[in-house]
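Asks: pasted the sequence and its predicted model underneath.
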Amino acid sequence: MSRFSRTNHAAATRETPPTGDADEARTQASRVTVGDPVPRTRTGTAWVGVCVAAVISIALLTFMVQNTRRVEISFLWMDTSTSLALTLLIAALGGVFVTLIVGTARILQLRRLVRRRHD
């Protein structure tokens, strides 16, 4: 915390005691002081997630464009030759798919738990 924000926070948090009026007390309680942090929201968290995903996608695409040579792939009884970029794209999409499945299962589990607690 900088010296400037500490000074403003100290000055902003000095409040006069409520006079007993309920509306005045509510108004004083709802005032935001200078040093108060901005609360986290779902939208803000989603925005951070989208930004991180965009950076990772750009890094993946850059890596794929730089690695276009052909590679041999063997999986179980299947053998093929394809570009490294396509192989990386398939692997990345597989990772995204697995993450979506696990995340969806966890969300459904939590929703069931909340529903049981409310009943």
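Replies: Received it, and whenever you're ready, just let me know what you need. Since the structure is predicted, the reported quantities are computational estimates derived from the model, not experimental observations.
Asks: which elements pack onto the biggest helix by length in the chain?
Replies: Longest among the helix segments of the chain by residue count, using DSSP state H, is helix 84-118. Under the contact definition 3 or more C-beta pairs under 8 Å, 6 or more residues apart in numbering; DSSP states H and E, helix 84-118 sits against helix 42-66, strand 70-75. Where you see a C-beta, it was placed from the backbone N, CA and C, and this is true even at glycine.
Asks: what mean pLDDT does it have?
Replies: In this model, helix 84-118 has a mean pLDDT of 91.
Asks: can you add mean pLDDT, distance to residue 101 and mean neighbour count and give the helices and strands packed on helix 84-118 back as CSV?
Replies: CSV is the format used below for these (pLDDT from 0 to 100; distance: least, C-beta to C-beta, whole Å; neighbours: other C-beta atoms under 10 Å):
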stretch, mean pLDDT, distance to residue 101, mean neighbour count
helix 42-66, 89, 17, 11
strand 70-75, 89, 20, 10
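Asks: of those, which is nearest residue 99?
Replies: helix 42-66 (10.8 Å; C-beta to C-beta).
Asks: and that closest one, what does it pack against?
Replies: Using 3+ C-beta pairs under 8 Å, 6+ apart, helix 42-66 is in contact with helix 84-118.
Asks: for the helix it packs on, buried residues please.
Replies: 84-85, 87-88, 92 (16 or more other C-beta atoms under 10 Å).
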